[in-house]
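[1] sequence and predicted structure, then a few things I'm wondering about:
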Amino acid sequence: MPVGMEDQGRKFITTEPLDKSTESGEQIVWDAVRSAFADRACIGYSRYPLFSKFGEIRKEPDILIVDRELSLVIIEVKSVKIDQIVAVNGQEWEFQNFSTAETNPYQQAENQLYTLLGYCDREPAIRRKVDARAMIALPLITEGEWQQKEFDKLPNCPPIIFKDHLGKLALTERIKRAPVVVEGEEIDDEQWELLLSVISGGPILRKAPRVLQSTNSKTRSSTIATLQERLYELDFQQEHIGKEIPPGFQRMRGIAGSGKTVLLCQKAAHIHLKHPDWDIALVFFTRTLYDLMIGLVDRWLRRFTNGDVQYDPKTNRKLRILHAWGGKNQPGLYSTICEFNGVRSRSAGETPERQPNRGLAELCKRLSEEIKIEPVFDAILIDEGQDLVSDDDLKFQDKQAIYWLAYQALKPADPEKLEQRRLIWAYDEAQSLDNLKVPTTKELFGESLSNLLSKGTQYSGGIKKSEVMRRCYRTPGTILTAAHAIGMGLLRPEGMLTGITRADDWKAIGYEVTGKFIAGQKITLHRPPQNSPNPIEQLWGKPVLEFETYGSRQEEMTALADKILYNIAHDDLKPSRDILVIVLGSVSDAIELESQVASFLSDQGIDIYIPTALGLNELNPKWPNHNPDLFWMDGGVTVSRVTRAKGNEADMIYVVGFDNIARNEADVSLRNQLFVALTRARGWANLSGVGDYPMYEEMRRVIESKDTFTFTYKRPLKRDIGEAEEV
């Protein structure tokens, strides 16, 4: 069963609520499609984001149905009455008292269909095997009215769905009887899943095929190559999140690796194409993500326009990818708002705060105190939202300062509801390194706006206000569960340190729960395989998570160098982007260990790269001779502290210096580093430390437990990261 197919109730996607006054006919047809296809194996879209150019406008299909039996069906809806049609001359239709004087509705649908078939034909397994139909729907006209005008006797009359064909059985029969534009053949289950993946845009995330150097039958590189040949199956929840445009607040909460960044980039590209006149900001916190996000937005723009539109950050002023703060030569959300409001933006050096998120919060608070913010954006999408939350002392009144500044910088989404603004934010469960709070809407925006998310669960059209993403596509299941368990201290002898204490919240992020979170009660958490669909463990056939201890740091680094040299020589892994070394510890410990490890590896003949450096083998990059946007450099193995690594990923992750955590195992923030580091892995993780500490035995128990953890719940927790709002 494809991933997410159990969510059958979500197989119809309204990408943006339809205007009741001007698009009532389209809503009638869409309602009829949902009723007629409710029990069929299919997915349906209202305004599917595929933008074909017609003259000066870009037009997306009104309705797309992807059906197991019928394959592709595109329906172009015209909400006209019979007396509004002046003439039908071949495929050209002339209108009066309508939004356009003439159009070619069937050719529109046909062109869009051919574009979709072009995407299908790029996959050999379904090339020229997909049936395709294009139809026109006239929901305000009966078949009798059409015949009275004798339009049915005209040559080349296209297949039409009339008002009297909108019943459940009549509609499906009408579509079945429509001639196919391109005739395919019956497809099997595997081809059906591939078709669904193509429609979702999955192939754009596929990486270029690897050129394998080794003749070994199974290496890490060959295993990854096998993985890359596969496409993840359609996930209904991801389709909703990536392709819907909410008319107000929307929040995404998800585990690491659930695809939030990819989906936000997809959503930003879709909003931009749908509303090219809007000012849109896509905001993030980790500066090393610039290239990743620009690349993703570019890919989605190309996908939605069949290559006609690309993304150039220098020339595209309507869709801006912005770091939350901004730098001297690179605008950010804060600096852009300052510039628009005629205020000089301040730099990190102008705040006493040492942590970047606290420094930004202080400046945002100051700005809100000093001036009335004029709105500049129509939509703001925020990634890494957990890093934009600060402690109470930096709040503006009862609001989080950065979020409040973003809210003020937004124009109302609805002229009749001025408080409703299109702010979309995503945050990672348990992944804030600087702050251990998970924000409620009330905490972000204050008491008066708290109901914007919590009052009602969805907008019209079924667009949810809040999404919780439980599937992890990046990190293999055993690594993810180990990261959760060690990060929260689930198997800690003294009891759980931090984490979720409501069964519903555990279920929301993909776990099954037995027992109740009452002091002294036994709890069992199990993560079923369908919520961790990365198949690398099955393909590899051996453990993907290893933990090793050494008698000295020298021994640990020697083993690390040997493993990396083996990865490069025998596993065919590239030093850059395939391999990543992450060092653990407090700020001072991690800085020292980063330099120590990098220096040792360099001495062993392994080129290394420290993030922000301008070249390989630079051990201590410092301002001004650095670039804070750089995380990788071709030819070098990146050695990084956790703060820089966050948001990045690699096939082989080495996590070094576990002893720096184990010495102070009750420190929640330090444990959180383990969680973040391990979940950078796309394939394998190797954790190491020196000496012998009780936490090492806890880690061994965690690894042995794999996907199921049984423990006795003890209170109190240092923090609870469960959901606080019923939304």
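    Nice, thanks for sending it over. Residues are numbered from 1 along each chain as shown.
[2] check which helix or strand the closest residue to residue 96 other than its chain neighbours maps to.
    Counting by C-beta to C-beta, 6 or more residues apart in numbering, residue 96 lies nearest to residue 86, which is 5.2 Å off, once chain neighbours are set aside. In this view, the C-beta of every residue, glycine as well, is placed from N, C-alpha and C. Using DSSP states H and E, residue 86 sits in strand 85-89.
[3] return the set of buried residues in that strand.
    By 16 or more other C-beta atoms under 10 Å, the buried positions in strand 85-89 come out as 85, 88.
[4] any idea which helix or strand comes after the helix or strand residue 699 falls within?
    If you go by DSSP H and E, residue 699 is part of helix 694-705. Remark: after helix 694-705, the chain's next helix or strand is strand 708-712, criterion DSSP H and E.
[5] quick one: buried residues of that next one?
    Within strand 708-712, the residues that count as buried by 16+ other C-beta under 10 Å are 709, 711.
[6] rounded mean pLDDT for that strand, please.
    Taken as a whole, strand 708-712 carries a mean pLDDT of 96.
[7] can you list contacts of that strand?
    Contact with strand 708-712 is made by 481, 485, 490-491, 495-496, 520-527, 702, as judged by C-beta atoms under 8 Å, 6 or more residues apart in numbering.
[8] picking that back up, and the helix holding residue 699, what does it pack onto?
    Counting contacts by 3 or more C-beta pairs under 8 Å, 6 or more residues apart in numbering; DSSP states H and E, helix 694-705 packs against helix 477-488, strand 545-550, helix 659-662.
[9] how about a cut-off of 10 Å?
    helix 477-488, strand 545-550, helix 659-662, helix 668-678, strand 681-690, strand 708-712 (3 or more C-beta pairs under 10 Å, 6 or more residues apart in numbering; DSSP states H and E).
[10] so which of the ones you listed gets nearest residue 585?
    Evaluated over the helices and strands packed on helix 694-705, closeness to residue 585 peaks at helix 659-662, with 3.2 Å, by C-beta to C-beta.
[11] dump that closest one to PDB, restricted to CA.
    What follows is helix 659-662, C-alpha atoms only, in PDB (Å, rounded to 0.1, in the frame of the first residue of the first chain):
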ATOM      1  CA  ASP A 659      31.600  11.800  26.200                       C
ATOM      2  CA  ASN A 660      31.000  15.600  26.100                       C
ATOM      3  CA  ILE A 661      27.300  14.800  26.500                       C
ATOM      4  CA  ALA A 662      27.700  11.800  28.800                       C
END
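[12] number of residues surrounding residue 101?
    Residues lying near residue 101 (other C-beta atoms under 10 Å) number 10.
[13] oops, could you answer that again for residue 312 instead?
    With other C-beta under 10 Å as criterion, residue 312 counts 8.
[14] please apply the same query to residue 147.
    The burial count for residue 147: 12, using other C-beta under 10 Å.
[15] again, but for the one 4 residues further on
    Neighbours of residue 151 under the rule other C-beta under 10 Å: 17.
[16] can you tell me, leaving aside adjacent residues, what's nearest to it?
    Nearest one to residue 151, counting by C-beta to C-beta, 6+ apart, is residue 88 at 5.2 Å.
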